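Colleague: got a structure for you, letters missing:
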Ligand SMILES: C[C@H](O)CC(=O)C(=O)O
Ligand SMILES: [Mn+2]
């Protein structure tokens, strides 16, 4: 790991963390969290419904407050941080991106399943036309080989992405798998490479640092780890670990600890523990945001959450297939048998 290199940190508490609070963030909470992160020197702060612009819906969960209103508060509060949005083609529409740019979002992260980069072409182009930095975000990257991921990353690069992300949505990758994907993408593209890690196997910080060692230029984290599943790479832990390792983040370690303790812990519904269901996400390779849906189906149909998650992993379910969680729970209930 080089002491001279630095990476750009994106804090996604107010987007990935939206899953953990069932999309109930308020304007006051956004003001408090953005203020604390901005004071700490976090360069990019993402604010959107957990499933991206337009995510507030029956399928993904309704937001407490419109994300455009939250975005406005974030832009008004930040003094130096740039505000980012997440956009999943099909969940959001082009007007959402335009509106976000008008409000003042500076970074658009266009997310697709790792085999579907081609659906991002027009949205990456629109983000650039609207004056935003465009980031390609390849979700569930554990599901394909490094070679196949490279093909998808190159597509995003060819559409104009300024950075391409390897995203461990299921927190399912061990260090070797994560490093192999980052190294392969890094050597194949001329744009920046970013990483987004979930902590279901307790490897998010280690994986992020390993990715940095392979050349990652941008790293995502969430304060206190607040995020889908068992949470994300915790920002304050990543920042402190980098400070000890001589890696430049530009973030003040003490101020970041304060942001975690004083701004985010008070709104955290549960501690980010890796309980049996969170662990099962990483073990079975299941999309982090499926956790709360699976828990609900478990309560409703009397089937162990782990059995539902294991079966979802076996079937290779991906984001957008949330409705299948109920089908799987019902099937398991009908079978009356465990699938382990
Ligand atoms: C829409 C997802 O929640 C994006 C994400 O954070 C991931 O895939 O992980
Ligand atoms: Mn995530």
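Modeller: Yes, it's here. It should be emphasised that the depicted structure is a prediction, and the values quoted were computed from it without experimental measurement. Ligands and ions are numbered 1, 2, ... in the order given.
Colleague: Just give the number of residues close to the single nearest residue of the stretch 1-150 of the chain relative to ligand 1.
Modeller: Ligand 1 sits closest to residue 139 of the stretch 1-150 of the chain, with a gap of 3.8 Å, by Cβ to the nearest ligand atom. C-beta coordinates here come from the backbone N, C-alpha and C atoms, glycine included. Here the number of neighbours of residue 139 (other Cβ atoms under 10 Å) works out to 23.
Colleague: my read: it touches residue 111, true?
Modeller: Yes. The pair residue 139 and residue 111 qualifies as a contact (Cβ atoms under 8 Å) at a distance of 5.5 Å.
Colleague: returning to that earlier point: need phi/psi at the residue of the stretch 1-150 of the chain closest to ligand 1.
Modeller: phi -80, psi 160 (degrees, to the nearest 10).
Colleague: next one: residue 42
Modeller: phi -70, psi 130.
Colleague: which ones are touching residue 332?
Modeller: 301, 303, 307, 308, 311, 339 (Cβ atoms under 8 Å, 6 or more residues apart in numbering).
Colleague: how far away is the closest residue to ligand 1 within the stretch 51-200 of the chain from residue 40?
Modeller: The minimum distance from the stretch 51-200 of the chain to ligand 1, using Cβ to the nearest ligand atom, falls at residue 169 (3.2 Å). For residue 169, the distance to residue 40 equals 26 Å [Cβ to Cβ, to the nearest Å].
Colleague: Looking at these two, which one has more neighbours?
Modeller: residue 169 (30 against 27).
Colleague: Would you confirm that that one contacts residue 137?
Modeller: No. Applying Cβ under 8 Å, one finds residue 169 not in contact with residue 137, separated by 9.5 Å.
Colleague: okay, and the common contacts of those two?
Modeller: Residues touching both residue 169 and residue 137 (Cβ under 8 Å, 6+ apart) are residue 196.
Colleague: need the residues of the stretch 51-200 of the chain near ligand 1, please.
Modeller: 51, 52, 88, 111, 139, 167, 169, 196 (Cβ under 6 Å from any ligand atom).
Colleague: Now the closest residue to ligand 1 within the stretch 201-340 of the chain. Nearest residue, chain neighbours left out?
Modeller: When scored by Cβ to the nearest ligand atom, the stretch 201-340 of the chain has residue 289 as its residue closest to ligand 1, at 4.8 Å. Leaving aside its chain neighbours, residue 289 sits nearest to residue 228 (4.3 Å; criterion: Cβ to Cβ, 6 or more residues apart in numbering).
Colleague: what does residue 178 give?
Modeller: residue 207 (4.5 Å).
Colleague: three-state assignment of the one you found?
Modeller: helix (DSSP: H, G, I helix; E, B strand; the rest coil).
Colleague: what does residue 177 give?
Modeller: helix.
Colleague: Near it, how many residues? Count them for me, please.
Modeller: Counted with other Cβ under 10 Å, the neighbours of residue 177 add up to 16.
Colleague: Look at it and report its pLDDT.
Modeller: pLDDT, residue 177: 98.
Colleague: mind listing what it touches?
Modeller: Going by Cβ under 8 Å, 6+ apart, residue 177 touches residue 142.
Colleague: Any idea how many residues pack against residue 32?
Modeller: That count, for residue 32 with other Cβ under 10 Å as the rule, works out to 18.
Colleague: Would you mind measuring from it to residue 327?
Modeller: 40 Å.
Colleague: wait, what's in contact with the residue of the stretch 201-340 of the chain closest to ligand 1?
Modeller: 19, 50, 51, 169, 228, 229, 319.
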